[in-house]
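J.: Sequence first, predicted coordinates after that:
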Amino acid sequence: MTSTMPWRVRLSLSSFPDLDHAAIATLLNSGWLSNGNEVRAFERDFTEYLGGGEAVAVSSCSAALHLALLAHGIGPGDEVITTPFTFAATTNAVVHVGARPVLVDVDPATLNIDPEKLAGAITPRTRAVIVVHFAGHPVDLEPILDLKRKHGFALIQDAAHGTEARLCGKSVALYGDTSCFSFYATKNLPLGEGGMLVTLDPSVAETARKLRTHGMSLDALQRHGDAQERWRHWEMEL
């Protein structure tokens, strides 16, 4: 007896009906294939779309989560509360900085972290909470922001699916401290790969920009982008 598959769910099906081929040619001929002026423009446009913050383009949302924790000073001995109902990258970022992940269950109606259970998991070692806007559905942030004001932890948002997520008419990036977005093929804005860290704290943005180039005080564009000056001195600051 032969079995047949009546339908198939695709992993992703990207469509680019308005692709600007001339813009792609300009980029390829510019000499700056990574972290050049077009990346700077994308960062500015992205925060304009969100309505605020400072953006730091990185290689993935996983990298954004990692740098967010480092930029907020999270490390060994610290606890970071998050949800088990997410991709492994959320918790892996906590492990990568040497902190201890604390998993809090989700609300079965939303699949997002349960604020009441979260409140019961906070300890003196809680330095950060990573909320996940599952499938782009915004977390109920108001009670979590109340807990943040009471306990002083950093609120980091895994918004891998949340580029278009809005809460009370505002982007989720405008709540909390730092948000992390994904441009992977299955996400809202599929670029193949890539991620973005968006923060309301300028010092976090400055640290993240250095960390994305392994702690260099100046990136390649800052060192070599001016044709009138071939080289600028730089330091490994972090």
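T.: Sure thing, it's come through.
J.: quick check: mean pLDDT across the lengthiest strand in the chain?
T.: Taking DSSP state E as the criterion, the chain has its longest strand at strand 126-132. Strand 126-132 carries an average pLDDT of 98.
J.: Stretch 191-202 too?
T.: Per-residue pLDDT over stretch 191-202 has a mean of 94.
J.: count of neighbours near the closest residue to Gly194 other than its chain neighbours?
T.: Nearest residue to Gly194 in three dimensions, chain neighbours excluded: Phe183, at 3.9 Å (CB to CB, 6 or more residues apart in numbering). All C-beta spots, glycine's among them, are computed from the backbone N, C-alpha and C. Neighbour count for Phe183, taken as other CB atoms under 10 Å: 23.
J.: Over to Pro101?
T.: Residues lying near Pro101 (other CB under 10 Å) number 16.
J.: Check which helix or strand it maps to.
T.: Here Pro101 is covered by strand 100-103, with elements defined by DSSP states H and E.
J.: what residues does the longest helix anywhere in the chain touch?
T.: Of all segments of type helix in the chain, defined using DSSP state H, the longest is helix 37-50. The contact list for helix 37-50 (CB atoms under 8 Å, 6 or more residues apart in numbering) reads 27, 30, 32, 53-57, 171, 173-174, 181, 196, 198, 221, 225.
J.: redo that, cut-off 6 Å
T.: Helix 37-50 is contacted from outside by 27, 53, 55, 57, 171, 173, 196, using CB atoms under 6 Å, 6 or more residues apart in numbering.
J.: Mind putting these into CSV with neighbour count and secondary structure?
T.: Shown next, in CSV, are the contacts of helix 37-50 (neighbours: other CB atoms under 10 Å; DSSP: H, G, I helix; E, B strand; the rest coil):
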residue, neighbour count, secondary structure
Leu27, 16, helix
Gly53, 22, coil
Ala55, 25, strand
Ala57, 21, strand
Ser171, 22, strand
Ala173, 27, helix
Met196, 27, strand
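J.: Among those residues, which pair sits farthest apart?
T.: Within those, two members stand farthest from each other by CB to CB: Leu27 and Ser171, at 26.6 Å.
J.: Show me the shaky parts of this structure.
T.: Within the chain, the ranges that satisfy pLDDT under 70 run 1-3, 5, 226-230.
J.: give me the number of residues near the closest residue to Arg212 other than its chain neighbours?
T.: Spatial nearest neighbour of Arg212, chain neighbours left out: Val58 (5.3 Å); criterion: CB to CB, 6+ apart. Per other CB under 10 Å, the neighbour tally for Val58 reads 25.
J.: so is the closest residue to Phe87 other than its chain neighbours in a helix, a strand, or just coil?
T.: Excluding the flanking residues, the one nearest Phe87 by CB to CB, 6+ apart is Ala160, at 7.3 Å. With DSSP: H, G, I helix; E, B strand; the rest coil as the basis, the three-state label of Ala160 is coil.
J.: can you map out the strands along the chain?
T.: Along the chain, counting by DSSP E, strands occupy 54-58, 79-82, 100-103, 126-132, 154-158, 166-167, 170-171, 178-182, 195-199.
J.: The longest one vs strand 154-158, what angle?
T.: Okay, so that is strand 126-132. For strand 126-132 against strand 154-158, the angle by axes from the mean of the first three to the mean of the last three CA atoms, to 10 degrees is 20 degrees.
J.: Identify the residues contacting Val204.
T.: 71, 178.
J.: Okay, it and Gly176: tell me how far apart.
T.: Using CB to CB, to the nearest Å, Val204 is found at 11 Å from Gly176.
J.: do Pro124 as well
T.: Distance from Pro124 to Gly176, by CB to CB: 21 Å.
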